[in-house]
Structure formats: structure tokens, C-alpha cells
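Engineer: Sequence and predicted structure, then a few things I'm wondering about:
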Amino acid sequence: MDLKQAFEKFKLLLDWTVVDVSEPVPYYKNYVDRGRMLHGYNVLVTYQHHGVREYLFSCDDKFGLLTSEIAKKRAECFARKKRENIKQKVR
């Protein structure tokens, strides 16, 4: 491998071009004593050179600081911003 090929591979490490973004999906976990509980919302982002990354926006039931509504709004805002990145790259 020559220097030019090595530089091209290095450039791909820094290229986080977004290809696809999923809608926020609720993430539940089943417990024996409490049953099914909402832990937050997942957003899957597909990058051109780095594959699929999963982002979890969690809600807090213990202290009540991050409600499920806040977690959902944060996940929707994140997904919207990532979709805007896709539209800007197309132009």
C-alpha cells in the first residue's frame, strides 16, 4: 500500500456521512417484579463508511428528571437534525 492509498483510507475514518436515519422507537425491558418498563427511545443512524450506530435517549423513572416525553422529544430532535444533514449533502 502506497502513501496515497493510506491517506484515502485515513480520510474515510473522518467521513461520517449520514445515509439513513430511523424514527425514534420505544425501548422496553421486561422485569420479573415490575413487568414491561420503558427505558427510552432508540434512533438508528446509518453512516456511509461506519455502518449502523444506535443512539439511546433514556428516560428516568427513579428521580423523574427525564420523563418519557422529554426523551421522545430529544430523540425526535436528534433524528430531525441527522435527516437535515442528509438533505444538505444532496444539494
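Structural biologist: Sure thing, it's come through. Numbering: from 1, shown residues only.

Engineer: all contacts plus neighbour counts: C-alpha atoms, from now on.
Structural biologist: OK.

Engineer: what ranges do the strands span in this protein?
Structural biologist: 18-21, 25-31, 35-47, 51-58 (DSSP state E).

Engineer: tilt between the second one and strand 35-47?
Structural biologist: Going by axes from the mean of the first three to the mean of the last three Cα atoms, to 10 degrees, strand 25-31 is angled at 140 degrees with respect to strand 35-47.

Engineer: now for strand 25-31, which elements pack on it?
Structural biologist: Under the contact criterion of 3 or more Cα pairs under 8 Å, 6 or more residues apart in numbering; DSSP states H and E, strand 25-31 touches strand 35-47.

Engineer: what's the angle from the strand it packs on to strand 51-58?
Structural biologist: Per the same axes, to 10 degrees, the angle that strand 35-47 makes with strand 51-58 is 140 degrees.

Engineer: in strand 35-47, what's buried?
Structural biologist: 39-47 (16 or more other Cα atoms under 10 Å).

Engineer: The closest residue to residue 72 other than its chain neighbours and residue 81: what is the separation?
Structural biologist: What sits nearest to residue 72 in space, not counting adjacent residues and going by Cα to Cα, 6 or more residues apart in numbering, is residue 41, at 6.3 Å. To residue 81, residue 41 is 16 Å away according to Cα to Cα, to the nearest Å.

Engineer: partner residues bridging residue 54?
Structural biologist: residue 44 (DSSP bridges).

Engineer: That one - how many residues pack around it?
Structural biologist: Around residue 54 there are 10 other residues, counting by other Cα atoms under 10 Å.

Engineer: Residue 45 is in contact with that one, correct?
Structural biologist: Yes. Using Cα atoms under 8 Å, residue 54 is in contact with residue 45, at 6.4 Å.
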